[in-house]
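Asks: got a predicted model here, sequence first, then my questions.
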Amino acid sequence: MTQPRVPTLQLQSNEFCICAGSLLFRHIPNKKRKTGPTADGFAPSTNSSVATDKKLEACILWHSDREEYLLPKGRKDRGESLEQTALRETYEETGYPCKLLPVDMVTRAPEPGVNTKDGVGLYVADCIEPFTITTRQIAERNMKYIFWFVSCVDEDQIEVEVDEEDPAAAPGAVPNGITKARTQLRPKWPRDDCGEVKRIEGTQMDSERFDSRWFPVEEALQRLTFTTDRELLARAVELVRNTYGQDDRPS
């Protein structure tokens, strides 16, 4: 009987748990962005969640019972993809509608239909693959795997039909004037008085006690309780800034 060439651990379905989470940002820098590590030119960002006058911020969770600052994450439901899990858990725990934020990074995930050598990382623009995996050994043969993504608040706009008075209609031609339907771009999610996407209430599970808070990324790094979470945020910030530019505006 031949043994595997490399150290191998196999776990049964009751011996592991798959989780996913994301590093949630808002105020993505609206700078010229590089198209690749060797590109000479620059192209404007096509990301819809951009801001020009605010510092890059990260959303972290305050756990009031444990008095800890944490990152949003949770277990994958049956039938979910990792991406769906990351966005659902981030939305549930923070209350903010979100979407994956494409970043330029090295990944070992191959392009569909392309045969590439395993173990060779490729630099990919606008990548939405996990940027880090956390492995936790809870006990003997009890493992938890957490896949981390980069996300941003969903600030997209959608087309809605609105009725307006037809300026070509003759005054008094018909009662109440003549209306015509047209489309208008409006925010997909409710905004507050400052124009920020509002936090949606009631998204957490009954057992969760999280208070989501926004901080400039440097402050969020200092507030996170665990060093591993700080490492995750630092790496995500690096990816965002390398992709979309530095948010070098004064605080």
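Replies: In hand now; what should we look at? Residues are numbered from 1 along each chain as shown.

Asks: in this structure, what helix or strand scores lowest on average pLDDT?
Replies: Every helix and strand of the chain was ranked by mean pLDDT, DSSP states H and E. The lowest is strand 42-44, at a mean of 33.

Asks: now the strands: where do they sit in the stretch 1-150 of the chain?
Replies: 16-26, 28-29, 32-34, 42-44, 50-51, 57-63, 68-70, 73-75, 98-100, 103-107, 122-127, 132-139, 142-153 (DSSP state E, counting those that start in this stretch).

Asks: any idea which of the ones you listed scores lowest on pLDDT?
Replies: The minimum mean pLDDT among these belongs to strand 42-44 (a mean of 33).

Asks: any regions of the stretch 151-251 of the chain where pLDDT drops low?
Replies: Scanning the stretch 151-251 of the chain for pLDDT under 70 picks out 162-181, 248-251.

Asks: the domain parsing of this protein - what is it?
Replies: In terms of domains, the chain is parsed into 13-154+189-244, 157-188 (source: automatic domain parsing).

Asks: looking at those, which is buried most?
Replies: domain 13-154+189-244 (a mean of 16; mean count of other CB atoms under 10 Å). (C-beta placed from N, C-alpha, C; glycine too.)

Asks: gap between that domain and the chain center?
Replies: 4 Å (CA atoms, centre = their mean, to the nearest Å).

Asks: now the end-to-end length of it.
Replies: This stretch, domain 13-154+189-244, spans 40 Å end to end (CA to CA, to the nearest Å).

Asks: that older thread, closest to Val6 out of the domains of the chain?
Replies: Closest to Val6 of these, according to CB to CB: domain 13-154+189-244, at 11.2 Å.

Asks: re earlier: how about the domains of the chain in JSON lines, adding distance to Met1?
Replies: Listed next are the domains of the chain as JSON lines, based on distance: least, CB to CB, whole Å:
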{"stretch": "domain 13-154+189-244", "distance to Met1": "22"}
{"stretch": "domain 157-188", "distance to Met1": "58"}
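
Asks: so which of those domains is nearest Pro4?
Replies: Here domain 13-154+189-244 is closest among the domains of the chain (CB to CB), at 14.8 Å.
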